[in-house]
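K.L.:
predicted model follows, preceded by the sequence.
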Amino acid sequence: MQIKVVKRLMEASEQHAEVVRQRLREAGVVALNLISAPGSGKTSLIEATIRELGNRVRIGVIEGDPDTTRDAERIARLGVPVVQINTEGGCHLEATMVLRALDEMPPNGLQLLFIENVGNLVCPVVFDLGETYRVAVASAAEGHDKPAKYPALFRTAQVTVLNKIDLIPYLDFDEEQFACDVRRLNPQMPVLRVSCRTGEGIGEWLKWLDEVLKPVV
Amino acid sequence: MHEFAIAEAIVRATQEVVHQNGGGKVEQIRLRIGELRQVVPDALLFAFDILKQDTPLEEASLEWETVPAQVRCKTCGVVYHPKDVFWECPSCGAFGAEVTAGEELEIVAITLREGSDAD
């Protein structure tokens, strides 16, 4: 016997993402899903943001990593509420994990929630976490070919942050190629050049954040 | 390896459909997978073979058709099949398009073994 159906496989996952979105909307929180390769500086970007905005915006952080609580410890040192999710080898976060994290850290009272995804440019792109904005983070040290090689991330993000620009003089990083590829993949998307280490360009990032935080701050 | 999560969804969704249809052992599951989903066939089969153990899908095979990507130019509205990652409109040359096909990830048919008992 053959049963004909149209059963969408992402349905359950999308429903969970919708629950997250609803919960965050009710709590008045803007959530950013940070996606990048390992080591591009997601945690450093969150730290820089907390240092600059922490006194006027109520920030919370969900840290996703296969293992260790090192990133959560870095964030906790800045006095910001943080929950570490260990995926135990898993290559991406899913909305159900975010829901559990929100049970531990109720979003009420927060204005800005960072969700730092597992370092990976492929799998996290497939899963909607219920975020308000998706942020692609790249670093000059990874080379300029990341957008062309991992197009789905750059197509679906609302902003790209290019980190480690202080290293560009020492690298064979073709910035024009990087910018051109991103523009072709997602013509309207802003590309913000920053160095979390020197603080260069962080002002542009804060300007972008101010825009997206307008509805809640 | 998001294929594990997809295989998990296949097993769960199939069991749900089979249960609603009175149960039985599954022989084959037919899928439609969009080209843009970046599903690696070997990785999906590997994950499915592990996850189907001890379920009514134990002897089930997976078959799928790949749905080609199709996008609509945000500038001129022409629908086309992109020939590379950059989605340059063949009609007006603009970049930037919205997906109209190629993101499918769905079960379209489940074949139950003849005479198999309800689970």
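P.N.:
That came in fine, so what should we check first? Numbers count the residues shown, from 1 in each chain, chains lettered A, B, ... in the order given.
K.L.:
can we go C-alpha only for contacts and neighbour counts from here?
P.N.:
OK.
K.L.:
max-length helix in chain B?
P.N.:
Criterion DSSP state H: the longest helix present in chain B is helix B:3-20.
K.L.:
got the contact list for that helix?
P.N.:
For helix B:3-20, contacts defined as C-alpha atoms under 8 Å, 6 or more residues apart in numbering or on different chains pick out A:7, A:9-10, B:24, B:29, B:39-40, B:43-44, B:47-48, B:51-52, B:56-57, B:107, B:110, B:119.
K.L.:
how far out from the middle of the chain is that helix?
P.N.:
The chain centroid and the centroid of helix B:3-20 are separated by 11 Å under C-alpha atoms, centre = their mean, to the nearest Å.
K.L.:
quick one: average pLDDT of it?
P.N.:
For helix B:3-20, mean pLDDT is 94.
K.L.:
pull up the residues of chain A that are close to chain B.
P.N.:
A:1-10, A:91-92, A:123, A:126, A:148, A:151, A:181, A:184-187 (C-alpha under 8 Å from any C-alpha of the partner chain).
K.L.:
mind doing that once more with 7 Å?
P.N.:
Those residues of chain A that sit near chain B, judged by C-alpha under 7 Å from any C-alpha of the partner chain, are A:1-9, A:91, A:123, A:148, A:151, A:184-187.
K.L.:
which ones among those residues are found in strands?
P.N.:
A:2-8 (DSSP state E).
K.L.:
any chance of those in a markdown table, with pLDDT and neighbour count too?
P.N.:
Listed next are these as a markdown table, based on pLDDT from 0 to 100; neighbours: other C-alpha atoms under 10 Å in any protein chain shown:
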| residue | pLDDT | neighbour count |
| --- | --- | --- |
| A:Gln2 | 92 | 14 |
| A:Ile3 | 94 | 14 |
| A:Lys4 | 94 | 13 |
| A:Val5 | 93 | 14 |
| A:Val6 | 93 | 13 |
| A:Lys7 | 93 | 17 |
| A:Arg8 | 94 | 17 |
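K.L.:
which strand or helix spans the residue nearest the centre of chain A?
P.N.:
Nearest to the geometric centre of chain A sits A:Leu34, at 0.9 Å (C-alpha atoms, centre = their mean). Assigned by DSSP states H and E, A:Leu34 belongs to strand A:30-36.
K.L.:
quick one: contacts for the residue nearest to the centre of chain A?
P.N.:
Residues near A:Leu34 by C-alpha atoms under 7 Å, 6 or more residues apart in numbering or on different chains: A:42, A:115-117, A:134-137.
K.L.:
quick check: ChimeraX command selecting the buried ones in those residues.
P.N.:
Buried members of these, defined by 16 or more other C-alpha atoms under 10 Å in any protein chain shown, are picked up in ChimeraX with:
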select /A:42,115,116,117,134,135,136,137
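K.L.:
look up which residues are beta-bridged to the closest residue in space to A:Tyr133 that isn't next to it in sequence.
P.N.:
Once flanking residues are discounted, A:Tyr133 sits nearest to A:Leu32: 5.0 Å by C-alpha to C-alpha, 6 or more residues apart in numbering or on different chains. Counting by DSSP bridges, A:Leu32 is bridged to A:Phe114, A:Tyr133.
K.L.:
what pLDDT does the model give A:Leu32?
P.N.:
So A:Leu32 comes in at 98 (pLDDT).
K.L.:
that one and A:Val137 touch, don't they?
P.N.:
No. Look at A:Leu32 against A:Val137 with C-alpha atoms under 7 Å: they stay out of range, at 11.6 Å.
K.L.:
the contacts of helix B:3-20 in helices, which ones?
P.N.:
Of the contacts of helix B:3-20, the ones assigned to helices by DSSP H are B:43-44, B:47-48, B:51.
K.L.:
pLDDT weak spots in chain B?
P.N.:
By pLDDT under 70, the weakly predicted segments of chain B are B:1, B:116-119.
K.L.:
returning to that earlier point: and the gap between the residue nearest to A:Tyr133 and chain B?
P.N.:
21 Å (C-alpha to the nearest C-alpha, to the nearest Å).
K.L.:
how about the strands in chain A?
P.N.:
For chain A, the strands defined by DSSP E occupy A:2-8, A:30-36, A:59-65, A:82-86, A:112-116, A:133-139, A:159-163, A:191-193.
K.L.:
before we move on, back to that, in TSV, list the ones in strands among the residues of chain A next to chain B along with distance to B:Val79.
P.N.:
Shown next, in TSV, are those (distance: C-alpha to C-alpha, whole Å):
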residue	distance to B:Val79
A:Gln2	34
A:Ile3	33
A:Lys4	29
A:Val5	28
A:Val6	24
A:Lys7	26
A:Arg8	24
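K.L.:
as a quick check, tell me the outermost residue of chain B.
P.N.:
Chain B, farthest from centre, C-alpha atoms, centre = their mean: B:Cys92 at 31.9 Å.
K.L.:
please settle this for me: is that one part of a strand?
P.N.:
No. Read with DSSP: H, G, I helix; E, B strand; the rest coil, B:Cys92 is coil and lies in no strand.
K.L.:
excluding chain neighbours, give the residue nearest to it in space.
P.N.:
Counting by C-alpha to C-alpha, 6+ apart, the residue nearest B:Cys92 is B:Cys76, at 6.7 Å.
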